[in-house]
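**Q** quick one, structure for this:
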Amino acid sequence: LAEAEAKKKAEEEARLLAEAEAKKKAEEEARLLAEAEAKKKAEEEARLQAEAEAKKKATPKPSAIETQVEFLKAVKPPVNVKAVAASVVVLFAVLSMLSMGNTSNYYIKIKHGSTYVYQGAFSPVGKNLIATVPGAMEPAQTKDVYTEADILPILFRSYVDQALALKNNPGSPDFGAITCLLQKAESYATTPEEMMIVKKHLTAVNAIKEAYNSSVNP
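**A** The predicted structure is shown next:
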């Protein structure tokens, strides 16, 4: 019985030892296989990288001009000619409207005892001097910008007053200057009544002129 137990024990130990050896051998083989696979993968990656670098070196480098041309091709957006033309038309229309609107603006500046009258230029900004009249003449309501209705009566009254002052001067009247002033007043008349005033004074001046000429040349 003792020999049978010893034999069984020896067989069990031999079996366990054989299993341990087999397990160790399997683990070693697995390790070696993994190392081989890793080495192979690393070599393949190195080969591919070397080929890519060689290809990059072999490809000719584009010149500066070629590079600029390619860049412009890449970033230049397509031009919509119709859209550009439409934008230009709209821009000109807006500028024209602003310019026309500016011509309806009038400005007054009083200095050195005279009144300077300006009209907006045909442009979005700017103004032109259109008249200089003696004395400080300004609408009852002072504003930064005046309208035609504010300014034309002032100019009309000024030129009529200047014409009457010349007509009433003692001595030989300057009929040419008087007529010129009345014609300027007529160009600024805005009502039928103002037109009648000018015609009345022109008629009177012509009558005085004829009477004067008759008296000096009988």
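**Q** switch to C-alpha atoms for all contacts and neighbour counts from now on
**A** Fine.
**Q** buried residues in the helix or strand where Ile178 lies?
**A** Under the criterion of DSSP states H and E, Ile178 resides in helix 175-187. Residues 175, 178-179, 181-186 are the ones in helix 175-187 that count as buried (16 or more other Cα atoms under 10 Å).
**Q** with stretch 134-150 instead?
**A** Here stretch 134-150 shows 137-138, 146 as buried, counting by 16+ other Cα under 10 Å.
**Q** quick revisit: following element in sequence after the helix holding Ile178, please.
**A** Under the assignment DSSP H and E, the closest C-terminal helix or strand after helix 175-187 is helix 192-216.
**Q** and the angle for that following helix with helix 175-187?
**A** With axes from the mean of the first three to the mean of the last three Cα atoms, to 10 degrees defining the directions, helix 192-216 sits at 170 degrees from helix 175-187.
**Q** could we number from 51 for the rest of this?
**A** Sounds good: first residue 51 from here, last item helix 242-266.
**Q** quick one: distance of helix 242-266 to the chain centre.
**A** Centroid separation for helix 242-266 versus its chain: 56 Å, with Cα atoms, centre = their mean, to the nearest Å.
**Q** buried residues in that helix?
**A** 244, 247-248, 251-252, 255, 259.
**Q** could I get the residues you listed as JSON lines with pLDDT and distance to Ala76?
**A** Below are the buried residues of helix 242-266 laid out as JSON lines (pLDDT from 0 to 100; distance: Cα to Cα, whole Å):
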{"residue": "Glu244", "pLDDT": "93", "distance to Ala76": "125"}
{"residue": "Ile247", "pLDDT": "94", "distance to Ala76": "130"}
{"residue": "Val248", "pLDDT": "93", "distance to Ala76": "129"}
{"residue": "His251", "pLDDT": "91", "distance to Ala76": "134"}
{"residue": "Leu252", "pLDDT": "92", "distance to Ala76": "134"}
{"residue": "Val255", "pLDDT": "88", "distance to Ala76": "138"}
{"residue": "Lys259", "pLDDT": "84", "distance to Ala76": "142"}
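**Q** export these to CSV and tack on distance to Glu85?
**A** Compiled in CSV, the buried residues of helix 242-266 are given as follows (distance: Cα to Cα, whole Å):
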residue, distance to Glu85
Glu244, 115
Ile247, 120
Val248, 118
His251, 123
Leu252, 123
Val255, 126
Lys259, 130
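**Q** tell me the one of the buried residues of stretch 184-200 nearest Glu62?
**A** Nearest to Glu62 among these: Tyr196, at 123.7 Å, using Cα to Cα.
**Q** who does the helix ranked longest in the chain touch, helix- and strand-wise?
**A** Across the chain, the longest stretch assigned as helix under DSSP state H is helix 52-108. Applying 3 or more Cα pairs under 8 Å, 6 or more residues apart in numbering; DSSP states H and E, one finds that helix 52-108 contacts no other helix or strand.
**Q** find the least confident helix or strand in this structure, judged by mean pLDDT.
**A** None of the helices or strands of the chain scores lower by mean pLDDT, DSSP states H and E than helix 114-125, at a mean of 62.
**Q** who touches the host helix or strand of Tyr209?
**A** If you go by DSSP H and E, Tyr209 is part of helix 198-217. Contact with helix 198-217 is made by 154-156, 183, 187-189, 223-225, 227-229, 231-232, 234-240, 248, 255, as judged by Cα atoms under 8 Å, 6 or more residues apart in numbering.
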